[in-house]
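Q: From the sequence below, what's the structure:
(2 chains)
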Amino acid sequence: MALHIYDTATRGVREFQPVRSGTASIYLCGATVQAVPHIGHVRSGVNYDVLRRWLSFQGNDVLFVRNVTDIDDKILAKATAAGRPWWEWAETHERAFDSAYDSLGCLPPSYSPRATGHVTQMVELMRRLIDAGHAYARNGDVYFDVRSFPDYGALSGQRMDDVQQGETAATGKRDHRDFTLWKSAKPGEPSWPTPWGAGRPGWHLECSAMATTYLGGEFDIHGGGIDLIFPHHENERAQSNAAGDGFARYWPHNAWITMAGEKMSKSLGNVVSIPAMLERVRAPELRYYMVAPHYRSTIEYSEAALAEAVSAYRRIESFLHRVAGRLGSVEPGALCAEFTEAMDDDLGTPKALATVHNAVREGNAALDSSDDAAALGAAASVRAMTGVLGLDPLSDKWSDSSTVDNAPRQALSTLVDELLEERQRARAERDFALADTVRDRLTSAGIAVEDTPDGPLWTLKDG
RNA sequence: GGCGGAGUGGCCGAGUGGUUAGGCAGGGGCCUGCAAAGCCCCCGACGCGGGUUCGAUUCCUGCCUCCGCCUCCA
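A: Presented below is the predicted three-dimensional model:
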């Protein structure tokens, strides 16, 4: 089975057939960089990172473009309120997003275009729309004429007559449902010159301009959160199709992470920032939490569920450490067939992880029965499968050796090994009181000791 | 008002017209000086009422509850 992916436009799963065979082009609506990212924002990044990795793994040459909206009402308002230049405000938060994506193991995009760098392309797109009779200028604003495009509403399933109202601010519209392509300059606000007057981009226009600039008039996948279906993606599609571009072939949308049943928003005060979370759990554990449910299912955030994700991830991790400790290095091997099948079915990560856990159990059993070949095979498979999900505990990104300073670790290792030798001597002499005292000392220092057939193994607790 | 999503065992979370999701927790066992880890077994579920069917959690229908979008939003 080839990859099948959900398409909001058709309300169903369809086989992925790229515009150009052997390549995959993805445009993801990235952040409006007006505040620090929370876990909801990063879920989108992580979900599409998994899609991108899966397409790459299957041999596609993937182009992954994730934009940055670096000019909009909120950025201007917040920067003004903070007494800072708008461009500094945007840049500061863009860095915060980049850092959050990176810390969760999202591969960097092929390119991350900024809205302010693509005014030329936006002007050209407006020119085409006006020439074709799909847009009009009024007092320096430029609007898309919704009634000129009969297919408007097809993506989101909206019926024209039932759309309650459009953007509130605009005044020069022919129809209240028309949306703004370009906003005329207001005193004190940044602006760029156009044939219709100075102004700044309307939100929807920039994505069409940037997507087609880098991915072509027709490309494969356009993603984002479910809230973007209407009006943002509806409008993007309308303006691009009206201009004569085929635009995106597939429109998947990821669901929310909610808090106590409500979407996260700063006004509700229920935002969990990424740095705050990473003080409590390790990055791959948080990533596991976001990858384990299906991307189209709402995640109801809870401490207990997060703790379960931590346990589940550690089960996988400790299996790989077990095998590596006993049998030496483990290289990524072949995927289980069920894993491929699950991933091909609209990125069925829950089933895919079930496959991983089955392999872990079988691998542990093989280890217990000293079937080294089977254990190694299972471990290789687990590395490959978790690698596709960006969760491979032995990858350079997540293995402890790459994140912990080597010299301190060496020093610690020397001291711990001496204590463990002392404990082993005590055990050999059946002086268990002394042995347990040594173990208790290590435990209280945050070092867990496990006895294995190959001798004691120590790990730092709570990574 | 329009459009869309969801209600699964103690918890998280998939899925299917009849036969094992997976994880976490709980009970029993093996292993271990003890512990931890691991393995084996067990426990148990499909919001409510109708209908279709040999059989429905899975299809149809009515109802209840919750959530999202329609202004900016991952």
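Q: Quick check: mean pLDDT of stretch A:422-439?
A: Per-region confidence: stretch A:422-439 scores 94 on mean pLDDT.
Q: gap between the two ends of that stretch?
A: 10 Å (C-alpha to C-alpha, to the nearest Å).
Q: ditto for stretch A:100-115
A: First residue to last in stretch A:100-115 (C-alpha to C-alpha) measures 21 Å.
Q: Okay, buried residues for that stretch please.
A: For stretch A:100-115, a neighbour-count test (16 or more other C-beta atoms under 10 Å) marks A:Ala100, A:Tyr101, A:Ser103, A:Leu104, A:Gly105, A:Cys106, A:Leu107, A:Pro109, A:Ser112, A:Pro113, A:Arg114, A:Ala115 as buried. C-beta here means a position set from N, CA and C on the backbone, and glycine is covered the same way.
Q: Please list all residues in contact with A:Val281.
A: Residues in contact with A:Val281, defined by C-beta atoms under 8 Å, 6 or more residues apart in numbering, are A:Tyr289, A:Leu306, A:Ala309, A:Val310.
Q: pLDDT wise, what is whichever residue of chain A sits closest to RNA strand B at?
A: Nearest residue of chain A to RNA strand B: A:Gly225, at 2.1 Å (C-beta to the nearest atom of the strand). Looking at A:Gly225, its pLDDT is 96.
Q: what's the neighbour count on it?
A: 19 (other C-beta atoms under 10 Å).
Q: Contact partners for it?
A: Shown in contact with A:Gly225 (C-beta under 8 Å, 6+ apart): A:Cys29, A:Gly40, A:Ser44, A:His253, A:Asn254, A:Ala255, A:Trp256.
Q: Give the bridge partners for it, please.
A: A:Asn254 (DSSP bridges).
Q: Quick one: name the residues of the stretch 201-350 of chain A near RNA strand B.
A: By the rule C-beta under 7 Å from any atom of the strand, the part of the stretch 201-350 of chain A lying against RNA strand B is A:203, A:224-232, A:254-258, A:261-265, A:292-294, A:297-300, A:302, A:304-305, A:307-308, A:311-312, A:315, A:318-319, A:322, A:348, A:350.
Q: Selecting buried members of these in ChimeraX, what would you type?
A: To isolate the buried members of those in ChimeraX, using 16+ other C-beta under 10 Å:
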select /A:203,224,225,226,228,229,230,231,232,254,255,256,257,264,292,293,294,299,312,318,319,322,348
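Q: if we can go back for a sec, could the contacts of A:Val281 go into a markdown table alongside secondary structure, distance to A:Leu389 and pLDDT?
A: Formatted as a markdown table, the contacts of A:Val281 follow (DSSP: H, G, I helix; E, B strand; the rest coil; distance: C-beta to C-beta, whole Å; pLDDT from 0 to 100):
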| residue | secondary structure | distance to A:Leu389 | pLDDT |
| --- | --- | --- | --- |
| A:Tyr289 | helix | 12 | 97 |
| A:Leu306 | helix | 17 | 94 |
| A:Ala309 | helix | 13 | 96 |
| A:Val310 | helix | 16 | 95 |
